[in-house]
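> Show me the folded form of this:
(chains A and B)
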Amino acid sequence: MEIFWYIVLMVMLTVYIILDGYDFGAGIVHLFFAKKDKDKKVITKSIGPFWDANEVWLIAAGGILFFAFPTLYAVAFSGFYLPLIMILWLLIFRAIGLELRGQIKNTIWEAIWDKAFGISSLLLALFFGVALGNVVRGVNLGMVSEGVAANEGHYFFLPLWNSTFSPQAEHLGVIDWFTLLLGVISVIILLIHGANWIIFKTNSSINEKLKKVVFRLNFVLLALVITSLSIWDRIEALPFHNFMDHPWLFIFPSIAIIGLLGLFKIKSFKKDGTGFIFSSLFLFGGLTTTVASIFPKVLPSTNDVVSSLTIYNSSTGEYGLSVGVYWFIIAIILVAIYMFVQYRVFSGKMDDNSYGEH
Amino acid sequence: MEDMIFYDRMQFAFTITFHYIFPQLTMGLSLMIVYFKWKFLRTKLVQYNDAAKFWMKIFALNFAMGVVTGIPMEFQFGTNWAKFSELTGGIIGQTLAMEGMFSFFLESSFLGLFLFGEKLLGQRLHFLTGLLVFLGSWASGFLIIATHSWMQHPVGYEILENGKYVLKNFGALFSNPWLIPSFLHNQMGSVITSSFVVAGVGAFYLLNNKHSQFGKLFVKTGVVFGLVSSILVAFPTGDWTAKNVAKYQPAAFAGMEGIFETEKGGAEIVLIGQPDMENKKLDNKIAVPNVLSFLTYQNWTQEVKGLNEFDESLHPTNVPGLYYAYHIMVGLGTIFIGLMVIATIQLFRKKLYKTKWILWTLLFMIPFPYIANTTGWYTAELGRQPWLVYDLLRTVDGVSPTVSSGNTLFTLLGFIGLYFMLGLLFLLLAGKIINKGPETEKTV
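Model (predicted):
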């Protein structure tokens, strides 16, 4: 039962990153590459009817985490208190940037909300990468010092950074060079992903330029991924042991590699949506590979006193988990229908669509 | 420790109060928009469609505010109330996860279609998307109140050896006697808010001599919806809810009614008075004898337990706050019924649109349903204190153990600053939309 909910949670988070990822990415493209007012409008229009529903995947995944793995939810959310609240603030800024820009026709008003949307998209992409880095690296669960846990249970608290910015320090911070590296990877892949979405859904004048950007950034991405893999063993002693024990898991990194290599052919794709599929594959493969490498841990402990949080020691009772399966299956079928309708109605290039500003 | 709980409680109270300004309007307003859209399909009168489109703009703005201020609510259970989340997450997480899966997806997917898709979908399907948005928002209210009801009156759980609460009976979450009365009471409160907003904006247009046709439609619709909902909010739903409190949380009931001492031969209903906690009595009291016994038990002489019957540790933490919250809600509710009855009479005499004082009153009443709804929630929440889960888990035992008061104060200040800005922007933009008024479309 725990494994079922673990898979549900990871799939939902991956779907969230793929969906909200493209509108974060669109925000970053909007910030750095959209100079003309017309392109800015087209970019926001391309995510207009979708971004709100995309964000629901985060809320729904949070709900599933809360109910299926309450200990993980409680320990992680209170331990990462400050960065999480800051993510909330950024989500608010980003959403109001999108929603309020069109409400008043004034260049200063528009400039303010364009920047709010773009900058918060950029920072959110960075923060989500940093968050993933923290989960992989693990934290000092129970705040152990000299072999004694200062807190009951698994509770900990992490400051934003410590003076050394090292992932191997005794007193960790949220931001260190390792988590920051994953943050940068996250920004680059979401930028690529967002650019692919814009190429797919719009006729904007920067589409050709974006293809070149994706092509070049893909080299940077490849280099960063190789770098992070080569230093991964400094974070986790045996990073690939799950893959050695269960070779079928290699399907996940393979998907990521297909996505990454496929993107090098961006300039010769016949259909505009192909790039988006490849960047989605990379995101899917990359995230699943990362979580599979620490399975069944969901928040590793960096000390020997307090054990890591796993899906087994952080879940709720068996009855609750079983009964949830019934409503979840009904709900997920409904969600699939909604998404089908939504993407069907707004299919094709968004600037060809006749839907207007509200 | 004291500081820590204080800031955690303030942060939750502040963020939830601000958040609930928006959903209380959108839940009621979605019903009224569906009504306008339905009237348009039935009568083919374009004015109804224009009205629906105008209120959709207000709805969209409110909805966006509701979403952005709602996300922090779900996160705060974990960030600020980690022990509570860890201990009860298997139960309250169940209904909260269902809210995400069943209502947020429904609302957000179809809101986009509803706002942007009129031309793509055609009128009938457009009506359907509106109906689905309405269903999603009410389902959301239902599941939130199911969660709330479990905290007020926990059912269907068992306690494990490690102290965690786990679910034993899923059905009990929804057959909880607390749920249906609270849900209906809350939804009627939300329809009151939207009725007063619609009527108030209509009155604004009539008094301004602008968009008079819409002014009349809004005033009429708002008054009719307002009359029905302000009666239903008191009877039977409010009555039913209060009886639940008397039955399951007698100490909270004594606190909200301001009963310090049990009185033989029936309890009086307090209309006005200030709780004096030092001397355990009400100052400047105006009360009607025996009425409370009758309203609660349909028996003029039945005893109602006073606070003196309960150990101090079971008293609501903030009796004066609870008492005022409840009395403000009830007092405003009474005024709403009175105003709506008078307005309806004038409507039937075909004089409403000319009766200036009623129009002015409707305009100035816009903030008050918000106050009544908020104080209603305060009544429920303050009444439950000192418990997080009634009779099971105390508030002091639910807070995050590792988040220091300095960090909580930091984020509380951040939320206050951010929401102050959001509030100003909201007023600016809502004012702009209302001042511009509905647009008339000649052809559809």
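
> tell me the mean pLDDT over the lengthiest helix in chain B?
Scanning chain B for the longest helix, with DSSP state H as the assignment, gives helix B:2-43. Per-residue pLDDT over helix B:2-43 has a mean of 94.

> do the very next helix or strand once past it and chain A meet at all?
Scanning forward in sequence from helix B:2-43 by DSSP states H and E, the next helix or strand is helix B:46-80. Yes. With Cβ under 8 Å from any Cβ of the partner chain as the criterion, chain A is reached by helix B:46-80 at B:56-57, B:60-61, B:64, B:67-69, B:71-72, B:74-75, B:77-80. Just so you know, the C-beta spots here come from the backbone N, C-alpha and C atoms, and that holds for glycine as well.

> residue ranges with poor pLDDT in chain B?
B:1-2, B:442-444 (pLDDT under 70).

> Of the residues of helix B:46-80 next to chain A, which is the nearest to residue A:241?
Nearest to residue A:241 out of these is residue B:78 (Cβ to Cβ; 30.2 Å).

> Which residue is the nearest non-sequential neighbour of residue 264?
Using chain A here. Distances taken as Cβ to Cβ, 6 or more residues apart in numbering or on different chains put residue A:218 closest to residue A:264, at 5.8 Å, once the chain neighbours are dropped.

> hmm, I had chain B in mind actually
The shortest distance from residue B:264 to any non-neighbouring residue, by Cβ to Cβ, 6+ apart, is to residue B:303 (7.0 Å).

> you'd agree the one you found is up against residue B:254?
No. Checked against Cβ atoms under 8 Å, the pair residue B:303 and residue B:254 is beyond contact range at 11.5 Å.

> Tell me which stretches of chain B form strands.
Ranges of strands within chain B are B:157-159, B:165-167, B:269-276, B:281-288, B:387-389, B:393-394, based on DSSP state E.

> Tell me the strands beside the third one, with direction?
It refers to strand B:269-276. strand B:281-288 (antiparallel) (DSSP bridges).

> swap in the shortest one?
The sheet places strand B:393-394 alongside strand B:387-389 (antiparallel), with pairing taken from DSSP bridges.

> List the buried residues in the host helix or strand of residue A:215.
Using DSSP H and E, residue A:215 sits in helix A:207-231. For helix A:207-231, burial by neighbour count (16 or more other Cβ atoms under 10 Å in any protein chain shown) applies to A:207, A:210-211, A:213-215, A:217-218, A:221, A:224-225, A:228.

> I'd like to know which of the residues of helix B:46-80 next to chain A is nearest to chain A.
Using Cβ to the nearest Cβ, residue B:78 comes nearest to chain A of the residues of helix B:46-80 next to chain A, at 2.7 Å.

> Just to check, residue A:6 is in contact with residue A:314?
No. Taking contacts as Cβ under 8 Å, residue A:6 lies outside contact range of residue A:314: 10.2 Å.

> Residues in contact with both of those two, list them for me.
Common neighbours of residue A:6 and residue A:314 are listed as residue A:298 (criterion: Cβ atoms under 8 Å, 6 or more residues apart in numbering or on different chains).

> got the residues of the stretch 301-444 of chain B near chain A?
Within the stretch 301-444 of chain B, the positions near chain A by Cβ under 8 Å from any Cβ are B:400-404, B:407, B:410-411, B:414, B:418, B:422, B:425, B:429, B:432.

> related to what we said a few turns ago, which strands or helices does the longest helix of chain B pack on?
helix B:46-80, helix B:123-152, helix B:179-208, helix B:212-232, helix B:367-384, helix B:405-436 (3 or more Cβ pairs under 8 Å, 6 or more residues apart in numbering or on different chains; DSSP states H and E).

> ok, 10 Å please
Other helices and strands packing on helix B:2-43, by 3 or more Cβ pairs under 10 Å, 6 or more residues apart in numbering or on different chains; DSSP states H and E, are helix B:46-80, helix B:105-116, helix B:123-152, helix B:179-208, helix B:212-232, helix B:367-384, helix B:405-436.

> so how far is that helix off the chain centroid?
7 Å (Cα atoms, centre = their mean, to the nearest Å).

> So residue B:389 sits against residue B:87, correct?
Yes. Under the criterion of Cβ atoms under 10 Å, residue B:389 makes contact with residue B:87 at 8.5 Å.

> between those two, what contacts are shared?
Shared contacts of residue B:389 and residue B:87, defined by Cβ atoms under 10 Å, 6 or more residues apart in numbering or on different chains, are found at B:165, B:397-398.

> can you redo these as TSV with neighbour count and distance to residue A:84?
Shown next, in TSV, are these (neighbours: other Cβ atoms under 10 Å in any protein chain shown; distance: Cβ to Cβ, whole Å):
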residue	neighbour count	distance to residue A:84
B:165	25	24
B:397	15	22
B:398	22	18
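
> Closest one of the residues you listed to chain A?
residue B:165 (9.0 Å).

> what's near enough to touch that closest one?
A:70, A:316-317, A:320, B:86-92, B:150, B:154, B:157-159, B:389, B:392-393.

> Please pick the buried ones from those.
Judged by 16+ other Cβ under 10 Å, buried ones among the contacts of residue B:165: A:70, A:316-317, A:320, B:86-92, B:150, B:154, B:157, B:389, B:393.

> rewinding a little: who has more neighbours out of residue A:6 and residue A:314?
Per other Cβ atoms under 10 Å in any protein chain shown, whichever of residue A:6 and residue A:314 has more neighbours is residue A:314, with 24 against 20.

> Does that one belong to a helix, a strand or coil?
Three-state call for residue A:314 (DSSP: H, G, I helix; E, B strand; the rest coil): coil.

> From residue A:73, how far off is it?
Counting by Cβ to Cβ, to the nearest Å, the gap from residue A:314 to residue A:73 is 8 Å.

> Overlap of the contact sets of these two?
Taking Cβ under 10 Å, 6+ apart as the criterion, residue A:314 and residue A:73 both touch A:65, B:86, B:89.

> And for the residue in the stretch 201-350 of chain B positioned nearest to chain A, the neighbour number?
As assessed by Cβ to the nearest Cβ, chain A sits closest to residue B:201 within the stretch 201-350 of chain B, at 17.8 Å. Residues near residue B:201, counting by other Cβ under 10 Å, number 27.

> Then residue B:207?
Using other Cβ under 10 Å, residue B:207 is surrounded by 14 other residues.

> wait, doesn't it sit right on residue B:359?
Yes. Between residue B:207 and residue B:359 a contact is recorded at 5.4 Å, counting by Cβ under 10 Å.

> and for those two, which residues touch both?
Contacts common to residue B:207 and residue B:359, judged by Cβ under 10 Å, 6+ apart, are residue B:215.

> what's the closest non-adjacent residue to the residue in the stretch 151-300 of chain A that chain B sits nearest to?
Using Cβ to the nearest Cβ, the closest approach of the stretch 151-300 of chain A to chain B is made by residue A:157 at 3.9 Å. Spatial nearest neighbour of residue A:157, excluding adjacent residues (Cβ to Cβ, 6+ apart): residue B:402 at 3.9 Å.

> list the contacts for the one you found?
By Cβ under 10 Å, 6+ apart, the contact set of residue B:402 is A:75, A:78-79, A:81, A:142-143, A:150-152, A:155-158, B:82.

> ok, residue B:305 - contacts?
Contact partners of residue B:305, counting by Cβ under 10 Å, 6+ apart, are B:246, B:250-251, B:253-254, B:259, B:261-262, B:267.

> thinking again about what came up before, closest to residue B:123 among the shared contacts of residue A:314 and residue A:73?
Each of those was checked against residue B:123 using Cβ to Cβ; the closest is residue A:65, at 40.9 Å.

> Relative to residue A:58, how far out is that closest one?
Distance from residue A:65 to residue A:58, by Cβ to Cβ: 10 Å.

> likewise residue B:109?
For residue B:109, the distance to residue A:58 - Cβ to Cβ - is 15 Å.

> Tell me which of those two has more neighbours.
More crowded of residue B:109 and residue A:58, by other Cβ under 10 Å: residue B:109, with 28 against 22.

> Which residue, other than its chain neighbours, is closest to that one?
Counting by Cβ to Cβ, 6+ apart, residue B:109 lies nearest to residue A:338, which is 3.9 Å off, once chain neighbours are set aside.
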